[in-house]
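Chemist: need the 3D shape of this:
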Amino acid sequence: MKNIRKITAILLSVVMLLAALPLTAFAAGRGDVSLDGQLTSDDARTILRAAVGLDSIDDPEAFAAADLDENGDITVSDARQSLRMAAGLEASDFPVVFPGIDPEGAVLSSGGTDLYLDAQPSGTSGEWDVTYGFRNAVGLQSGIFLLQYDPSQLEFLSHQRHPDANDMNLCDVGLAQDGYIHVGCVFMESSSDDMFNIGMVTFRQLTDEVPTIYLSV
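Modeler: Next up, the predicted model:
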């Protein structure tokens, strides 16, 4: 009986100790301002809007998650880092999962918005310019997608931002690994454009085969 009382007393002490711990002991992952256990481009958009004064983040835990550089302020730099982590371009507290690539390479849709790409031979022999972006983009707030190519067919040369992807919006692109380009885009305000061009990637063709590029959202 004494042992049971001792065990009960220890358990009660543990429960009281846990109850007394501050909430910051269970802090959200970096960038997860929605506190839902996921890091998405919507989180990056929330941080961006707070950084420019369009919204505020009042919850202390959410503020700490948004302040990625831990300098006490929420800035565009925090939003950009959050977007890069959500797109798999930087290490994150959360796994980055993209669905399987469409086997036909067709335009894919998400929430009524289409992804599109247009590949054209560039002015240099053996090179291709691939313009990509969103179609039916009115009302779009954010998006992350993956562009995949076969590195035995194409060599990544460069990337250029399209003028549409200006500083009023946050778009970031990176070669996550050979054969995969991750793209993330956040709109300060919901897009008012039917078509929103993000950028252009230039490849060098390595074989005589017609190269194939896929999109996944």
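
Chemist: what's the longest strand in the chain?
Modeler: strand 195-205 (DSSP state E).

Chemist: pull out the buried positions in the helix or strand following that one.
Modeler: As assigned by DSSP states H and E, the chain's next helix or strand after strand 195-205 is strand 213-216. For strand 213-216, a neighbour-count test (16 or more other C-beta atoms under 10 Å) marks 213-215 as buried. Yep, even glycine has a C-beta here, placed from its N, CA and C like the rest.

Chemist: again, but for stretch 149-156
Modeler: Neighbour-count burial for stretch 149-156, counted by 16+ other C-beta under 10 Å, picks out 149, 153-154, 156.

Chemist: of all those residues, which two lie farthest apart?
Modeler: Based on C-beta to C-beta, the longest span within the buried residues of stretch 149-156 runs between Gln153 and Phe156 and measures 11.4 Å.

Chemist: thinking again about what came up before, any idea which of the buried residues of strand 213-216 is closest to Arg30?
Modeler: Leu215 (28.1 Å).

Chemist: tell me the pLDDT of the closest one.
Modeler: On pLDDT, Leu215 comes in at 71.

Chemist: same check, this time on Pro60
Modeler: 93.

Chemist: with Ser77 instead?
Modeler: At Ser77, the model reports a pLDDT of 91.

Chemist: and Ala62, that's in a helix?
Modeler: Yes - per DSSP: H, G, I helix; E, B strand; the rest coil, Ala62 lies within a helix segment.

Chemist: where do the strands of this protein begin and end?
Modeler: According to DSSP E, the strands that the chain contains are 109-110, 113-121, 127-135, 142-149, 154-161, 169-177, 180-187, 195-205, 213-216.
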